[in-house]
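Asker: Make a model of this:
(one chain, ligands or ions: 1)
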Amino acid sequence: MGASPAQDGRSNAHSRWSALCTAGLVAPSRQPKLLVAFFSRTGTTRRLAEHIARATGADLEELREAKSRRGIWGWLRSGYEGTYRRSAEVLPLGHNLRDYDLVFVGSPTWNRALASPVRGFLEQYASELSNVALFATCQGRGASDVLEQMSELLKKPPLATLAMIEMDVKHGPAVQVGELSEAALRAWEKSEG
Ligand SMILES: Cc1cc2nc3c(=O)[nH]c(=O)nc-3n(C[C@H](O)[C@H](O)[C@H](O)COP(=O)(O)O)c2cc1C
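Answerer: Here you go, the predicted model:
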C-alpha cells in the first residue's frame, strides 16, 4: 500500500525544504513549521490541501465534526448555514496551532459564504494563529467572497490567498499552489525580519 499524502508530506518534508532553500524562497537558517488546516465535504478542498502540504512539507489538520454532512440533508444544512453565516463546532484538533509559524486555512464555498465548520474553527482559534495564508474552492463563483470573510474573522490580513474552481483543482493545481506557497513563505520571511 502506498503512503498517504500526509505521510508522504512528512517523509519528504526535508527534501522539499532543501528545494525551497535552493530556490531562495526561505533562508536555510530557520525552517518554519507549517500546517494546512481545512474542511472538505466532498474532497475538492482536501485535494488542494494535500497539494499544498506536499509542496511545502506541511502537516495536515482536517477539521471534523461530530455529525455527517453527507446526502441531501447534509447539503441542505450546509447551504442554510452558509446563507445565514452560521458557525459549526469542530472536533478537538490533532495539532497545537501555537506550534506553527504559518497555517494555511482552506474552505469550500457554501452559497457564496465560508463553510460553517471553518467559520467555527476561525471563531474559536483565530487568536492562536500567528501567520495565516488562506485558500478557498468553489464550483464557479464565490471563493473570493469566502477569502474576504475568512480575513474578517482573522482580524488581520492573510500573508497570501488562493481562490480556485473545482475543475482547476481536479486538473492539477501545481502552478497556483507554487504561487501561494512562494507568496506565503516570502511574506513570512519578511515578517521575521
Ligand atoms: C451547500 C453548498 C453550497 C454551495 N454554494 C456554492 C456557491 O455559492 N458557489 C460556487 O461556486 N460553488 C458552490 N458550491 C460548490 C462547492 O463550493 C465546491 O464544489 C467546492 O469545491 C466543494 O469543496 P469540498 O469538495 O471540499 O467540499 C456549494 C456547495 C454546497 C454543498
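
Asker: C-alpha only now, for contacts and for neighbours.
Answerer: Will do.

Asker: Spell out which residues of this structure are next to the ligand.
Answerer: Contact residues (Cα under 6 Å from any ligand atom) of the chain with the ligand: 40-46, 75, 78-79, 108-112, 137-142, 166.

Asker: Could you rerun that using 5 Å?
Answerer: For the chain, the residues in contact with the ligand (Cα under 5 Å from any ligand atom) are 40-45, 75, 78-79, 108-112, 137-142, 166.

Asker: Among those residues, name the buried ones.
Answerer: Buried members of those, scored by 16 or more other Cα atoms under 10 Å, are 40-41, 44-45, 78-79, 108-112, 137-138, 142, 166.

Asker: Show me the helices in the chain, by range?
Answerer: Per DSSP state H, the chain carries helices over the ranges 5-11, 13-22, 44-56, 71-83, 116-125, 143-154, 166-171, 174-192.

Asker: now those helices in TSV, with mean pLDDT and distance to Gly94?
Answerer: Shown next, in TSV, are those (pLDDT from 0 to 100; distance: least, Cα to Cα, whole Å):
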stretch	mean pLDDT	distance to Gly94
helix 5-11	42	13
helix 13-22	55	19
helix 44-56	97	16
helix 71-83	97	24
helix 116-125	98	13
helix 143-154	97	21
helix 166-171	97	26
helix 174-192	93	23
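
Asker: Ser107 pairs with what?
Answerer: Counting by DSSP bridges, Ser107 is bridged to Ala136.

Asker: And for it, the neighbour number?
Answerer: Neighbourhood size, Ser107 [other Cα atoms under 10 Å]: 32.

Asker: surely it meets Phe38?
Answerer: Yes: contact between Ser107 and Phe38 holds when scored by Cα atoms under 8 Å: they sit 6.0 Å apart.

Asker: Fine, thanks again, bye for now.
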